[in-house]
Structures are given as C-alpha cells and as structure tokens.
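Visitor: Sequence isn't available, so here's the structure alone:
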C-alpha cells in the first residue's frame, strides 16, 4: 500500500514537473509561413513576371532566327561559290563549315537558355527581396524569429502562423501610395 502511494505521488510530481517545461516550449517564437505564389497572384506579379519572360523569350527567339539565317546564308554562299561539282576537298571544307555553323547555333541556343534562366532567377530574387522587406517587420511584430516559404515540402501548418494576407495587404497599400504620389502633381 505504501509503495502504491509513493508510486502515485511520484507520478504526480513527474507530471507536475513536466508542466513548466511545456510552458517554456509553448513560449518559443513561432515559425511563420508565407505563400509566395499567393502573394504574386494577389498582386498580379505572377502575370507581370510571366509577360516579361515571354517578351524576353520572343526577343531571344528573334535573335536566334536572325543568327540561323546568317549562318545559313554563309553556308549557301560558300556552296554557290564552289559550284555544281566541288572537289572532294571542297566538299569536306563545306561540311566542316556546315558543322561549325550548327555548333555555333547550338552555342547561341544554350546562351539564350542561360539568359532566360538568369532573368527568371533575377525576377524571382527581386520579388523575394520585395516580399522580405515587408515580411520581416510583420514577423518581428508577431514575435517570430523564422519565416519560411510555403512549398511542396510543407505537409501541414497552422493558419495562425500564415502571414501571407498581411503581406499582401501591406504591399497593396504601398503600391497604392506609390500610384497616388505619382498621380499627384507637384505644387
């Protein structure tokens, strides 16, 4: 009987002793969450960035088409210069010129793809920095120490830690203030 009472008292102290630790754990700052896709969509930035990428892609495609045309013209010019019955050596030289033209075009294509990737990265980086400049003060105000981006790795999160709507509201307000100041003529 005494052993049972001692065991019960021990369990009560053990459970009671964990309560202060639980309170300390509950007081840790929350990790806040931002849905960048939702921010971009709400502000129309997703459409604007897509349009900028499409415009640049069209320009690069036009440049590539011009390069291809120039390379083709060089090969055609050399073919005409050699006449209808080129020698074996001339055919080899023509084949080499054609191969070099194809290689140059592939290099230009790769450079265009890299340029597009850099532009995409730059647009996203600038947008991320813009969101960060709004998110940090909001996070600090809420006592947060970490802000994470919502992504495919996120299985679940409590909506209380989502600051997306606050960021959208502040960025909209800032955009309206910029628009109003641009419309107001200086005295």
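Guide: Noted; the coordinates are in hand. Not measured: the values here are computed from a predicted model. Numbering: from 1, shown residues only.
Visitor: Poorly predicted segments of the chain, please.
Guide: Low-confidence regions of the chain, defined here as pLDDT under 70, cover residues 1-27, 179, 181-187.
Visitor: Do a quick rundown of the strands in it.
Guide: Along the chain, counting by DSSP state E, strands occupy 31-34, 146-149.
Visitor: The nearest residue to residue 146 once chain neighbours are set aside and residue 110, how far apart?
Guide: Setting aside the residues directly before and after it, residue 146 is nearest to residue 31 in space (CB to CB, 6 or more residues apart in numbering), at 4.5 Å. Any C-beta I mention is one placed from the backbone N, CA and C, and that applies to glycine too. Here residue 31 is placed at a distance of 40 Å from residue 110 (CB to CB, to the nearest Å).
Visitor: And these two? Which one has more around it.
Guide: Shown here are residue 31 and residue 110; by other CB atoms under 10 Å, residue 31 has more neighbours (13 against 10).
Visitor: Hmm, the more buried one is touching residue 161, no?
Guide: Yes. With contact taken as CB atoms under 8 Å, residue 31 and residue 161 are classed as touching, separated by 6.4 Å.
Visitor: what touches both of the two?
Guide: A shared contact of residue 31 and residue 161, defined by CB atoms under 8 Å, 6 or more residues apart in numbering, is any residue touching both; here these are residue 144.
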